[in-house]
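> Predicted coordinates and the sequence they were generated for:
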Amino acid sequence: MLFNSLPFLIFLPTVVVLYYLLPKNTRWFLLLLASYFFYGFWKIEYLSLIVISTTTDYFAARLIYSSKAQVKRKLALAFSLSMNLGLLAFFKYSGWFIEDVANPVGLLGDDVSLKLMRFMSFALPVGISFYTFQTMGYTIDVYYGKATPERNPLKFALFVSYFPQLVAGPIERFNTLMPQLNREVSYDYRNIQHGARYILYGLFIKMCIADNLAPIVDQIFNQPDIASSSQLVWGMILFGLQIYSDFHGYSLIAIGVAKLMGVDLMKNFDAPYSSLSIREFWSRWHISLSTWFRDYLFIPLGGSRVSTLKLTVNIMAVFLISGLWHGANWTFVLWGLLHGIWICLEVTVAKIYNFVFQKVRFMHTVLFVRIIPWCITMLFICYSFLLFRSESLELFFDLFREPFRLQMWQITYFHNTDIKAFDMNVVLSAIAFLLCYEMYIAKRHVPLKLQWVLVTLFLMCICNFGIAQEKEFIYFRF
């Protein structure tokens, strides 16, 4: 993928320079060509899927907007949703359905299943979960009168394929992104400065933290049978930090690349590991996806202004679909199920907790207000991320039970491994800085001198401790 390789260092400056050299009314066409080249650099044949989604939703939105008959409007919306979800289902879930759903219950014979699996042995199109959701959100907004359809099909194609956020988000809304792509932006040094800082910080998080954590986490989980319980606990914690650093790093790079050309993408993370509940966690983690599910699924189902039973059904539906969105495996189904159940419990327990909190004075301490809720939330998050790491439910349950085997705990956390103390110290120091930066420095006005100190620090860390080998972003798999 071009975003994760050396050619990107040539591609990006070229696009930015041409963007400001070309006449303002032609810049959007340069971005369209760059976006298609960017995606086609990986697999040019999969550009056809983006073209199908673009064409379908362009004409569906036009028909929805121009038609006065409600039946036609509904049919156009249904056609748009079925085409996009059909593409997503075929490329992402068909193999899993045949192997893990149809075969166990005997829906297909062995010969038929084998032939179908051979036929469907294609690579998952990168970003298909992201751009299909983005373009579906557009047609839904047009249907409900929240957006006016784009007349120019090529400009709409740019909205669907805009390269900084094409393959892993943030999932943008039409009313937010399209006006910026249509806007005639003048060169502004501040955009270059801010964009470069975002990119640099994203590279620091990705190369110095996520990529350094990857071999440590892999070594622990690739041989879980010989790992001690304490190592698996460390593995859970470090994997949670790895997946956060990897995806947050990508989001910052995407935001920075767009900012170079005067486009503001939405913030996708807001210090999620400071959350005191799972509900708060989902307001801080992958914000573009959680708000998409809120606006296009949870609220249309009735939202929270319904009966307790209906609210429970709505929450479970959202998180089960969210689990499937992340991957075609029973582990992701269970992941969504667990998050849905936990949030339903939070909604129920919160009423009791608030009543007791008002009556019992000693609960008004930091221990009960922050420390205990934070510990419970982080314990659940770390355990649930094991499902992202496990290839099967059997492996997850084995890993889940292991930390409770006290006889397997070792004082030496990384005995019988190739993990060096120096590597661990470097990674842990970078993580400590990341957490401090996310929760304190990033939320305050940083003086210019300190900004230069941070830039220098990031550059030094990338040059000295960054992993030079190409490592794919984790969310490219989703």
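Looks like it came in fine.
> Isn't K310 up against F298?
No: if you go by CB atoms under 8 Å, K310 and F298 don't touch, sitting 11.6 Å apart. All C-beta atoms are positioned from the backbone trio N, CA, C, and that covers glycine.
> Which one of these two is surrounded by more residues?
F298 (20 against 14; other CB atoms under 10 Å).
> Let me see the contact set for that one.
314-315, 318 (CB atoms under 8 Å, 6 or more residues apart in numbering).
> Of all the residues in stretch 173-190, which ones are buried?
173-174, 177-178, 180-181 (16 or more other CB atoms under 10 Å).
> swap in stretch 299-316?
In stretch 299-316, counting by 16+ other CB under 10 Å, buried: 311-316.
> and those as JSON lines, adding secondary structure?
Compiled in JSON lines, the buried residues of stretch 299-316 are given as follows (DSSP: H, G, I helix; E, B strand; the rest coil):
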{"residue": "L311", "secondary structure": "helix"}
{"residue": "T312", "secondary structure": "helix"}
{"residue": "V313", "secondary structure": "helix"}
{"residue": "N314", "secondary structure": "helix"}
{"residue": "I315", "secondary structure": "helix"}
{"residue": "M316", "secondary structure": "helix"}
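> and which of those residues is nearest I209?
I315 (32.4 Å; CB to CB).
> Surely the closest one is in contact with C344?
Yes: if you go by CB under 8 Å, I315 and C344 touch, sitting 5.5 Å apart.
> Rebuild the contacts of F298 as JSON lines, extending it with pLDDT and distance to R401.
Output for these, formatted as JSON lines (pLDDT from 0 to 100; distance: CB to CB, whole Å):
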{"residue": "N314", "pLDDT": "92", "distance to R401": "32"}
{"residue": "I315", "pLDDT": "92", "distance to R401": "28"}
{"residue": "V318", "pLDDT": "93", "distance to R401": "29"}
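> now the residues you listed as CSV including distance to I255?
What follows is the contacts of F298, written out as CSV (distance: CB to CB, whole Å):
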residue, distance to I255
N314, 31
I315, 30
V318, 26
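> pLDDT value on the closest residue to F159 other than its chain neighbours, please?
What sits nearest to F159 in space, not counting adjacent residues and going by CB to CB, 6 or more residues apart in numbering, is M178, at 5.2 Å. Looking at M178, its pLDDT reads 93.
> The strand or helix carrying M178: how far from the chain's middle?
Element membership for M178 (DSSP states H and E) is helix 174-182. How far helix 174-182 lies from its chain's middle: 21 Å, per CA atoms, centre = their mean, to the nearest Å.
> Now do it: which elements does it pack against?
helix 27-40, helix 128-143, helix 153-161 (3 or more CB pairs under 8 Å, 6 or more residues apart in numbering; DSSP states H and E).
> Please identify the most buried of the ones you listed.
helix 128-143 (a mean of 24; mean count of other CB atoms under 10 Å).
> now the angle from that helix to helix 153-161?
130 degrees (axes from the mean of the first three to the mean of the last three CA atoms, to 10 degrees).
> Helix 128-143: how far from the chain's middle?
Going by CA atoms, centre = their mean, where helix 128-143 is centred and where its chain is centred differ by 16 Å.
> again, but for stretch 124-135
On CA atoms, centre = their mean, the centre of stretch 124-135 falls 12 Å from the chain's centre.
> What of stretch 313-324?
Counting by CA atoms, centre = their mean, stretch 313-324 comes out at 16 Å from the chain centroid.
> surely N212 meets V427?
Yes: the criterion here is CB under 8 Å, and N212 meets it with V427 at 4.9 Å.
> Return the set of buried residues in the strand or helix carrying L203.
Per DSSP H and E, L203 falls inside helix 189-203. Within helix 189-203, the residues scored as buried using 16+ other CB under 10 Å are 191-192, 194-195, 197-203.
> Alpha carbons of it, as PDB, please.
Below are the C-alpha coordinates for helix 189-203, written out as PDB (Å, rounded to 0.1, in the frame of the first residue of the first chain):
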ATOM      1  CA  TYR A 189       2.100  28.400   5.800                       C
ATOM      2  CA  ARG A 190       0.100  27.600   8.900                       C
ATOM      3  CA  ASN A 191      -1.700  24.700   7.100                       C
ATOM      4  CA  ILE A 192       1.700  23.300   6.100                       C
ATOM      5  CA  GLN A 193       3.100  23.800   9.700                       C
ATOM      6  CA  HIS A 194       0.100  22.200  11.400                       C
ATOM      7  CA  GLY A 195      -0.100  19.400   8.900                       C
ATOM      8  CA  ALA A 196       3.500  18.600   9.200                       C
ATOM      9  CA  ARG A 197       3.200  18.400  13.000                       C
ATOM     10  CA  TYR A 198       0.300  16.000  12.800                       C
ATOM     11  CA  ILE A 199       2.200  13.800  10.300                       C
ATOM     12  CA  LEU A 200       5.300  13.900  12.500                       C
ATOM     13  CA  TYR A 201       3.500  13.000  15.700                       C
ATOM     14  CA  GLY A 202       1.600  10.200  13.800                       C
ATOM     15  CA  LEU A 203       4.800   8.800  12.600                       C
END
